[in-house]
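Visitor: My questions are about this predicted structure, shown below with the sequence.
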Amino acid sequence: MFSFQIEKVDRQDFDSYSSVHYLQTDFWAEFKSMHGWKKMLYKVSAKADSAEFDFYASILVRRFAKFFHIAYIPMGLWIGTPLPNDKISDEQYFNLLIDFSKAIKKELPKNTILIRFDPPYEFYDPDARDQAVKDLFTGKNAKFKALKKNAVDIQPPDTTILDLTKSEDELLAAMKSKWRYNIHLAEKKGVRVEKGTSQDIDVFYNLYLETSKRDGIAIHSKKYYQDLLELSEKMQKEDPKSNPLVTLYIARHENDTLAAIITLFTPYQATYVYGASCNIKRNLMPAYLLQWTAIKDAKNFGSKSYDFYGMPPRDDETHPMYGLYRFKTGFSGQNTHRIGSIDIATSPLYKPYKTAEKLRSFYFKKIKKAIAGR
């Protein structure tokens, strides 16, 4: 059993920028606080048997219908990379989540009904991940029955991650040959990639609306993405060495805007966060040049890796998002599979809330898409 010394800190003392996933930075907590979440930042000292270590935890709390709250720890608890067996065993790590939930509960609003984690617990084989989820959380003989696997994953559990410690020539050589060809084709045909600002939000959002309609994906309001860019611009002016860099890249050809992506860079990792494209001139391959430009910039920034952040779990041509899998894996990163969202219930209201969450997910993924004719 772990014991904890928990200290609430402000952003100046929350030292997380360079060594954790961006979802555990103060920057992201500040951004989410602009959209309905309350940020809570902690420095934690943990101790159990021979294991003793410190870490930081960003917790997001949201109030629903004035009756209850949920607490969310995205990509946490983050206690080291690779996680976590350089410090503790796998079994100790999940006990850490359980014990930490008990300890932090007194810091949360009294009517908090759950504490949700998206642990940075990774596999390189989706079948091994699925078996681990069953053994740990969902099977009849699950080891950690206090941890409930959520049917709806908040963060994409499947991704591919590119090692940026390699040279540009090595990165190009490792790609599929068609990917190198498409990058050079876009350059040869005159596609140009420009860096936008928050003032270009309409350019991005109009493309994203088109993408949403074409691919049947849910998106936020325009203000959400504008706030993300504006907050980065503000924090970069204040202290560029201690805050993530968010960049809008726009691909254009002649007088046409073809595609755009938003990335977020930290020294630990660069992440491809959002992407959008139009339906014209797709044969000019702007998406390939956008990604290659961002990859080179991330490497020059000093990021150790580039996370494409979200794709189907397997090479399955029948999957509706197979094109996304094929595109992202063609850059030859390491396919990575996380365990997804897991909960600790802190109230009897947890079960009805979880049922409502499943119904909401079903509505958006099935019914609404069917109504839209997809």
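Guide: Everything's here; your move.

Visitor: which parts of stretch 286-299 are buried?
Guide: The neighbour-count check on stretch 286-299 (16 or more other CB atoms under 10 Å) flags 286-295, 297-299 as buried. In short, each C-beta sits where N, CA and C put it, glycine included.

Visitor: Give me the distance from it to the chain's centre.
Guide: Centroid separation between stretch 286-299 and its chain, computed with CA atoms, centre = their mean, to the nearest Å, is 19 Å.

Visitor: Go ahead and produce PDB holding the CA coordinates of that stretch.
Guide: C-alpha atoms of stretch 286-299 as PDB (Å, rounded to 0.1, in the frame of the first residue of the first chain):
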ATOM      1  CA  PRO A 286      -0.700  18.100 -49.300                       C
ATOM      2  CA  ALA A 287      -1.200  16.000 -46.100                       C
ATOM      3  CA  TYR A 288       2.200  14.300 -46.700                       C
ATOM      4  CA  LEU A 289       4.100  17.500 -47.000                       C
ATOM      5  CA  LEU A 290       2.300  19.000 -44.000                       C
ATOM      6  CA  GLN A 291       3.400  16.000 -41.800                       C
ATOM      7  CA  TRP A 292       6.900  16.100 -43.100                       C
ATOM      8  CA  THR A 293       7.200  19.800 -42.400                       C
ATOM      9  CA  ALA A 294       5.900  19.300 -38.900                       C
ATOM     10  CA  ILE A 295       8.200  16.400 -38.300                       C
ATOM     11  CA  LYS A 296      11.300  18.400 -39.300                       C
ATOM     12  CA  ASP A 297      10.200  21.300 -37.100                       C
ATOM     13  CA  ALA A 298       9.600  19.000 -34.200                       C
ATOM     14  CA  LYS A 299      13.000  17.600 -34.600                       C
END
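
Visitor: correct me, but Y350 touches D343?
Guide: Yes - at 7.2 Å, Y350 and D343 qualify as touching, with contact defined as CB atoms under 8 Å.

Visitor: Please identify which of those two sits among more neighbours.
Guide: D343 (24 against 17; other CB atoms under 10 Å).

Visitor: quick one: contacts of the strand or helix carrying the more buried one?
Guide: According to DSSP states H and E, D343 maps onto strand 342-345. Contacts to strand 342-345, defined as CB atoms under 8 Å, 6 or more residues apart in numbering, come from residues 97-98, 101, 113-119, 137, 146-150, 350-351, 354.

Visitor: Could you tell me which of those residues are located in strands?
Guide: The strands, defined by DSSP state E, take in I113, L114, I115, R116, F117, K148, K149 from those.

Visitor: Was I right to think the third one contacts H69?
Guide: So the one you mean is I115. No - counting by CB under 8 Å, I115 sits too far from H69 to count as a contact (10.2 Å).

Visitor: The two - which one has more neighbours?
Guide: I115 (24 against 18).

Visitor: what secondary structure does the spatially most central residue of the chain sit in?
Guide: Against the mean C-alpha coordinate of the chain, by CA atoms, centre = their mean, the closest residue is Q155 at 5.2 Å. Look at Q155: counting by DSSP: H, G, I helix; E, B strand; the rest coil, its state is coil.

Visitor: Also K241?
Guide: coil.

Visitor: T318 versus that one, what's the distance?
Guide: K241 sits 47 Å away from T318, going by CB to CB, to the nearest Å.

Visitor: ok, F31 touching L229?
Guide: No - between F31 and L229 there is no contact under CB under 8 Å: 10.2 Å.

Visitor: and K145, how many neighbours?
Guide: K145 - counted by other CB under 10 Å - has 11 other residues nearby.

Visitor: Going forward, the N-terminal residue is numbered 14.
Guide: With 14 as the first residue, the last one maps to K158.

Visitor: if I pick it, what's in contact with it?
Guide: By CB under 8 Å, 6+ apart, the neighbours of K158 are F150.

Visitor: Now do the shared contacts for I128 and H82.
Guide: With CB under 8 Å, 6+ apart, I128 and H82 have common neighbours L121.

Visitor: my guess is A155 meets V146, correct?
Guide: No - counting by CB under 8 Å, A155 sits too far from V146 to count as a contact (9.2 Å).
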